[in-house]
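In: got a structure for you, letters missing:
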Ligand code: NAD
């Protein structure tokens, strides 16, 4: 049984409470480690370390900060295999995905390392003689970064790389279900040459440790990835101290298949949108909107391919669908299957626990497809975060767009068509932060990502992602000191 402590000021620190939380392997169900159960006292210590490190980090030139981030990227690539394996042991997602993701996170540190000394201010051409007015982008201070369990290191990179490049220091809280890869990753900062205190990790429960970060007066911003309900709670809590927030929340994304789509590519695209990562992805294309003329043939092929997926050990490169990460999430997915059935949807694939070959008897759900779904059903409106797809037929382009947008979320959307005009019209009309045409589930370090409506606030990645971690200062310098009339505005 391994024990993991907080990482504060460059060192492992035991929790003030002395308490720990068990962590298990979703595939075997085995409890293999325990993580520190952080409380307000631990958050205090981490925030104090980050606050002490802030002036030095802010004063480090952006070029020097960038070089350290690039060095960190090299270390991530060196350790990617190990970090990816830790993530699989924590969240049960496929090694093929988590290994690649761990390596990919390096790109965010490299990109923001390069961007660090390119964030320029402006000289404003004032309509006043003798005054130089310029703007500069300054860091915010200590930022709090809270992540979800599905992709701990990738979701962290989207926040942390931009925050550090901009000159902020950080207190991080990973999900209580998947904390160990973040703790192992934090060790790399010292090796890369970062002074201690710039990056601190506290672990623990959301309502205790996470909430203490939201309430902490010295943490000036919270960047959060998680569910919309927790995001709303964080937004409300942050409002008390007028804290800035970036919120990356859930989704119920439509994947629209028009009758002129390349059929096989669209089938594979819809499958990749919902069964990859066992559906545990914020951008899951959990509503397939399929033109009625191809609906039956499309469902038949979908069921054939999804039904042949290899289910089992996430550490095997031959596995297509792994376990559900957490016990509460497993129960939630099963509940939603029942909700769909009670709502009148027809289950044409799966619909139950999987205990066939490859399953270890823990948290496996069969890839599940429902037809006869209408967009007003709960299964079409609420995020399941599991391998459950709803197929909804449509007759016209306008109807497809109406159904796609008739939802409280707006994270992503997919469009499958060979008609360029339709692709452009649909991309314009869809209310989502990301639209993919003839592809799905693609993200990049230099392309902004974020949600509309209950899918979130703010953007991560790209230049916009860095702007979330700076505040603008406007400096006015007069050539000659003169205060002509002290009683009026100059
Ligand atoms: P969650 O909201 O339950 O938890 C997310 C994090 O918030 C965890 O670290 C948790 O400990 C913490 N937390 C919980 N309550 C808190 C509180 N009161 N104050 C501060 N922190 C608190 O989400 P989850 O179940 O871990 O993740 C799944 C959700 O994340 C899904 O809704 C999914 O769509 C979303 N998600 C979004 C994105 C995105 O980029 N938009 C990416 C991945 C996942």
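Out: Cool, the structure landed. Computed from a prediction, not measured in an experiment: that's the story for all the values here. Residues are numbered from 1 along each chain as shown.
In: ok, now which ones touch the residue found closest to residue 14 once you drop the neighbours it is linked to in the chain?
Out: Spatially, and ignoring its direct neighbours in sequence, residue 14 is nearest to residue 5 (5.1 Å; Cβ to Cβ, 6 or more residues apart in numbering). To be clear about C-beta, it is placed using only N, CA and C from the backbone, and glycine gets the same treatment. By Cβ atoms under 8 Å, 6 or more residues apart in numbering, the contact set of residue 5 is 12-15, 36.
In: now do the closest residue to residue 388 other than its chain neighbours against the ligand, distance only.
Out: In this structure, residue 388 finds its nearest non-sequential neighbour in residue 368, 4.6 Å apart by Cβ to Cβ, 6+ apart. Per Cβ to the nearest ligand atom, to the nearest Å, residue 368 is found 18 Å from the ligand.
In: could you check the pLDDT of residue 368?
Out: Note for residue 368: predicted pLDDT of 98.
In: tell me which residues touch it, please.
Out: Residues near residue 368 by Cβ under 8 Å, 6+ apart: 337, 347, 349-351, 387-389.
In: got the residues you listed as JSON lines, with neighbour count, secondary structure and distance to residue 288 columns?
Out: As requested, those are arranged in JSON lines below (neighbours: other Cβ atoms under 10 Å; DSSP: H, G, I helix; E, B strand; the rest coil; distance: Cβ to Cβ, whole Å):
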{"residue": "337", "neighbour count": "23", "secondary structure": "helix", "distance to residue 288": "17"}
{"residue": "347", "neighbour count": "17", "secondary structure": "strand", "distance to residue 288": "15"}
{"residue": "349", "neighbour count": "19", "secondary structure": "strand", "distance to residue 288": "12"}
{"residue": "350", "neighbour count": "21", "secondary structure": "coil", "distance to residue 288": "15"}
{"residue": "351", "neighbour count": "20", "secondary structure": "coil", "distance to residue 288": "16"}
{"residue": "387", "neighbour count": "30", "secondary structure": "coil", "distance to residue 288": "13"}
{"residue": "388", "neighbour count": "27", "secondary structure": "strand", "distance to residue 288": "11"}
{"residue": "389", "neighbour count": "30", "secondary structure": "strand", "distance to residue 288": "6"}
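In: so residue 449 touches residue 458, yeah?
Out: No - with contact defined as Cβ atoms under 8 Å, residue 449 does not reach residue 458; the gap is 10.1 Å.
In: return every residue with contacts to both of the two.
Out: Taking Cβ under 8 Å, 6+ apart as the criterion, residue 449 and residue 458 both touch residue 248.
In: so which of those two has more stuff around it?
Out: residue 449 (22 against 18; other Cβ atoms under 10 Å).
In: list the contacts for the more buried one?
Out: With the criterion set at Cβ under 8 Å, 6+ apart, residue 449 makes contact with 158, 248, 433-434, 443, 459-462, 465.
In: can you select the buried ones among those for me in ChimeraX?
Out: A single ChimeraX command selects the buried members of these (16 or more other Cβ atoms under 10 Å):
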select :158,248,433,434,459,460,461,462,465
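In: also near the ligand: which of the contacts of residue 449, exactly?
Out: With Cβ under 6 Å from any ligand atom as the criterion, the contacts of residue 449 include residue 248 near the ligand.
In: okay, and which of the contacts of residue 449 map to strands?
Out: Counting by DSSP state E, these place 248, 434 in strands.
In: so which of the contacts of residue 449 comes closest to the ligand?
Out: Using Cβ to the nearest ligand atom, residue 248 comes nearest to the ligand of these, at 3.3 Å.
In: report the beta-bridge partners for the closest one.
Out: Counting by DSSP bridges, residue 248 is bridged to residue 225, residue 456.
In: pLDDT value on it, please?
Out: On the pLDDT scale, residue 248 is placed at 98.
In: so it touches residue 151, yeah?
Out: No - if you go by Cβ under 8 Å, residue 248 and residue 151 don't touch, sitting 10.9 Å apart.
In: could you dump the contacts of residue 5 to CSV with distance to residue 209 and secondary structure?
Out: Below are the contacts of residue 5 laid out as CSV (distance: Cβ to Cβ, whole Å; DSSP: H, G, I helix; E, B strand; the rest coil):
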residue, distance to residue 209, secondary structure
12, 16, strand
13, 13, strand
14, 14, coil
15, 9, coil
36, 9, strand
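In: report the two of the residues you listed separated the most.
Out: Among the contacts of residue 5, the pair separated by the greatest distance (Cβ to Cβ) is 12 and 15, at 10.9 Å.
In: need the residues touching each of these two.
Out: Shared contacts of residue 12 and residue 15, defined by Cβ under 8 Å, 6+ apart, comprise 5-6.
In: what does the stretch 51-200 of the chain put close to the ligand?
Out: So the stretch 51-200 of the chain meets the ligand at 146-150, 155, 173, 175-176 (Cβ under 6 Å from any ligand atom).
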